[in-house]
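> model the following, please.
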Amino acid sequence: MGLQNSNLTNLVEKTIGIDACAWVLKLMTVPSSFAVWEDEWVSRKEMAQALNMVLFYDLLQRVPSGRQYTEEVAARGDKVFHDHGALRTVRWLENGALPPGEAAFTRILEPLGYRLNGKFPLDRLGMTGRSYAHQDGPDEIAQFFVSEMHPERFSPQFQAAVTRVASTSKDPLSPKAQFLLHELKRDGRLGFVNAIDLLPELKACFARQHALPSLADYETLLAESAEMAWIATEGNMFNHVTDRVDDLLRVTQEQNALQRPMKPTIEVSKSGRIKQTAFKADMVLRQFVGSDGQVVERAVPGSFYEFITREHYIDSVAAARTLDLGFDAANAQAIFKMTAA
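Sure thing, here's the model as predicted:
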C-alpha cells in the first residue's frame with residue numbers, strides 16, 4: 001500500500017471503507033511529506049489530503065474512462081499524481097440553505113489551509129474561476145479550482161430556471177461541522193475523533209444539494225449554458241480530477257492509440273509552461289421531473305478525467321526554481337467543454 005500515514009489511512013478508511021482506501025492508496029501518490037504525523041491529532045494538511053483522496057475515489061466511481069486509465073497506471077507499478085480537482089457553483093442569492101457560489105466552499109477550504117492562488121475570468125462561459133493552493137505544501141497537495149456561474153449574464157427565462165433549481169438546496173454542513181471547521185482554522189489541527197466525524201460531512205458537500213430538476217428547466221438551462229445544465233444534474237460534484245504527468249504528449253499519443261475518448265487538441269497556456277488535455281466526459285443516467293410530474297431518465301454528460309503538465313521557472317522575487325502552479329483562462333474554458341456533449 002506504499003506510504004502509510006496512520007492518520008490519513010484511518011480517516012479515509014472510516015469514510016469510504018477499508019477496501020476502497022487500500023485501492024486509492026494503490027492508485028494515488030501520497031507525498032513524502034506525510035511520512036511524519038502526530039498520534040491523536042490530525043493536521044489541516046492531513047485533512048486536506050484525506051479529503052482529496054476520498055473525492056478522487058468518488059470521481060473514479062462515476063468516470064469509467066478515468067478509472068480504467070488509473071488502474072492501468074497502477075498495473076505497471078506507477079501511481080497517478082493528483083494535481084487539482086474542479087467543481088462548479090452558482091453565484092445566486094436564491095440558493096436555498098446553501099451559501100451562494102464559492103462561499104459554500106471557501107468556508108471549507110480556508111480552514112483546511114488553502115489560500116486563493118489566482119482568479120480567472122471565464123467570460124465565454126458566463127463564469128469566473130478561482131484556484132486555491134495549500135499553504136503547507138502547494139507543490140504536493142492538490143489544488144481546488146472553484147468556478148462560479150453568473151446567471152445575471154443570461155436571459156430572464158434562464159435566471160428563473162436557475163432559481164427554481166437552486167432554491168431547493170440544502171446545506172450539508174451541520175452546526176457541529178461548522179464549529180469543527182472554526183477550530184481547525186484557528187488551531188491548524190483537530191483531535192482525531194473530531195476529524196473522523198468531520199471528513200464525511202466535508203465529502204457530502206461535493207454533491208448535488210438541490211432537488212431533482214424538472215426536464216423543462218434543464219432544457220431551458222441547456223439552451224444557453226451547457227455548464228449550468230451540468231450543475232442542474234451534478235451539483236457540486238467534482239467536475240474533474242487531474243493527473244499531473246511528466247510528458248503530456250506521450251500520454252496523449254498512448255491514449256489515442258488505445259482509441260480512448262480524448263480531447264482532439266492539447267491546450268497550452270500563454271506562458272507555454274502549462275499544458276492540458278482530457279478525456280471527454282462519461283455519460284451518466286440522471287433523473288428529472290417530467291411535465292406530468294413523473295420521474296424520467298435521460299443520459300447526460302457527467303464528470304471527466306484531465307491530464308496536465310507543469311514546468312518550472314525562475315521566480316525573480318524568490319530567486320528560486322519554482323513549479324508553475326497557475327492556470328490559464330483560455331485553457332480552462334476549452335477544458336470545460338468536455339462536459340458539453
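
> tell me where the stretch 101-250 of the chain has helices.
103-109, 156-166, 175-187, 192-204, 215-224, 226-234, 248-257 (DSSP state H, counting those that start in this stretch).

> now tabulate those helices in a markdown table and tack on distance to Lys263.
Where you see a C-beta, it was placed from the backbone N, CA and C, and this is true even at glycine. Below are the helices of the stretch 101-250 of the chain laid out as a markdown table (distance: least, C-beta to C-beta, whole Å):
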| stretch | distance to Lys263 |
| --- | --- |
| helix 103-109 | 26 |
| helix 156-166 | 27 |
| helix 175-187 | 36 |
| helix 192-204 | 28 |
| helix 215-224 | 21 |
| helix 226-234 | 15 |
| helix 248-257 | 9 |
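
> quick one: which of these is nearest Asp282?
Asp282 sits nearest to helix 226-234 of all those, at 11.7 Å, using C-beta to C-beta.

> just checking, what packs against that closest one?
Judged by 3 or more C-beta pairs under 8 Å, 6 or more residues apart in numbering; DSSP states H and E, helix 226-234 is in contact with strand 82-90, strand 143-149, helix 156-166, helix 215-224, strand 283-289, strand 295-301.

> how does it look with 10 Å?
strand 82-90, strand 143-149, helix 156-166, helix 215-224, strand 283-289, strand 295-301, helix 329-336 (3 or more C-beta pairs under 10 Å, 6 or more residues apart in numbering; DSSP states H and E).

> so which of the ones you listed is nearest Met262?
Closest among the helices and strands packed on helix 226-234, using C-beta to C-beta: helix 329-336, at 12.2 Å.

> going by neighbour count, which residues in the closest one are buried?
329, 331-336 (16 or more other C-beta atoms under 10 Å).

> nearest to Ala20 among the residues you listed?
Nearest to Ala20 among these, with distances taken as C-beta to C-beta, is Ile335, at 27.4 Å.

> that closest one reaches Glu227, doesn't it?
No. Contact between Ile335 and Glu227 fails when scored by C-beta atoms under 10 Å: they sit 11.6 Å apart.

> identify the contacts common to those two.
Asn239 (C-beta atoms under 10 Å, 6 or more residues apart in numbering).

> ranking the helices of the stretch 101-250 of the chain by burial, who's on top?
Across those, averaging neighbours per residue (mean count of other C-beta atoms under 10 Å) puts helix 226-234 on top, at a mean of 24.

> where does pLDDT dip in the protein?
1-3, 341 (pLDDT under 70).

> longest helix in it, please.
Using DSSP state H, we find that the single longest helix of the chain is helix 44-62.

> how about the helices of the stretch 101-250 of the chain, which one is nearest Thr9?
helix 192-204 (12.0 Å).

> put the alpha carbons of that closest one into PDB.
Presented in PDB, the C-alpha positions along helix 192-204 are these (Å, rounded to 0.1, in the frame of the first residue of the first chain):
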ATOM      1  CA  PHE A 192      -8.600  12.500  15.800                       C
ATOM      2  CA  VAL A 193     -12.200  11.700  16.900                       C
ATOM      3  CA  ASN A 194     -13.400  15.100  15.700                       C
ATOM      4  CA  ALA A 195     -11.500  14.700  12.400                       C
ATOM      5  CA  ILE A 196     -13.200  11.400  11.800                       C
ATOM      6  CA  ASP A 197     -16.600  13.000  12.400                       C
ATOM      7  CA  LEU A 198     -15.800  15.900  10.100                       C
ATOM      8  CA  LEU A 199     -14.500  14.300   7.000                       C
ATOM      9  CA  PRO A 200     -17.700  12.600   5.800                       C
ATOM     10  CA  GLU A 201     -19.600  15.900   6.100                       C
ATOM     11  CA  LEU A 202     -16.900  17.600   4.000                       C
ATOM     12  CA  LYS A 203     -17.200  14.900   1.400                       C
ATOM     13  CA  ALA A 204     -21.000  15.300   1.400                       C
END
